[in-house]
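> here is a sequence together with a model predicted from it:
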Amino acid sequence: MSCIDTVVSASFVRLVHQWTHLKIAGRSLLHGSLVNGSENLLVNKVFNRMRDDRLTAVVRGDRLIIEYGTMLLKKIGDKRSPDISARMRELG
């Protein structure tokens, strides 16, 4: 491995590390912003019934999936939260 390859590899590792920290920070901010109205209901009724795995982390971190889940919750109601959870996980 040449010096250039080593520098490029080190830079890539740093970028991946920074990206991971940004994603974690973004999830924390997003979770904190989900405390209003129907999105609060989404957290209580839908997210709380999801398994705590990588797929759920992806779903929690994706604003469009959250908006989709919120729209479904308003449209079909919280009694169908298992269906909403399943649909959101499919998108994740």
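Sure, I can see it.

> list the helices and strands whatever helix or strand Leu64 lives in packs on?
Taking DSSP states H and E as the definition, Leu64 sits inside helix 63-76. In terms of contacts (3 or more Cβ pairs under 8 Å, 6 or more residues apart in numbering; DSSP states H and E), helix 63-76 is packed against helix 37-45, helix 54-61, helix 81-91. Using the backbone N, CA and C atoms, a C-beta is placed for each residue, glycine as well.

> by mean pLDDT, show me the worst of those.
Confidence, taken as mean pLDDT, is least for helix 37-45 of these (a mean of 73).

> what is the end-to-end distance of stretch 49-60?
In stretch 49-60, first residue to last residue: 13 Å (Cα to Cα, to the nearest Å).

> so which bits of it are buried?
50, 56, 58-60 (16 or more other Cβ atoms under 10 Å).

> and the helix holding Leu64 with helix 54-61, angle?
80 degrees (axes from the mean of the first three to the mean of the last three Cα atoms, to 10 degrees).

> give me the residues contacting helix 63-76.
Helix 63-76 has contacts (Cβ atoms under 8 Å, 6 or more residues apart in numbering) with 30, 34, 38-39, 41-42, 45-46, 59-60, 80-81, 83-84, 87-88, 91-92.

> just want the angle from that helix to helix 81-91.
On the basis of the same axes, to 10 degrees, helix 63-76 is oriented at 150 degrees to helix 81-91.

> the inter-axis angle of helix 63-76 versus helix 37-45?
Using the same axes, to 10 degrees: helix 63-76 against helix 37-45 is 90 degrees.

> so for helix 63-76, what's the average pLDDT?
Computed over helix 63-76, the average pLDDT equals 87.

> can I have it written out in CSV, keeping just the CAs?
Extracted in CSV, the C-alpha atoms of helix 63-76 (Å, rounded to 0.1, in the frame of the first residue of the first chain):
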residue,chain,number,x,y,z
ARG,A,63,-38.4,12.2,7.9
LEU,A,64,-40.4,11.1,4.8
ILE,A,65,-41.3,7.7,6.4
ILE,A,66,-42.4,9.6,9.6
GLU,A,67,-44.6,11.9,7.5
TYR,A,68,-46.0,8.9,5.7
GLY,A,69,-46.8,7.2,9.1
THR,A,70,-48.4,10.4,10.4
MET,A,71,-50.6,10.6,7.3
LEU,A,72,-51.6,6.9,7.7
LEU,A,73,-52.3,7.5,11.4
LYS,A,74,-54.6,10.4,10.6
LYS,A,75,-56.3,8.5,7.8
ILE,A,76,-56.9,5.0,9.2
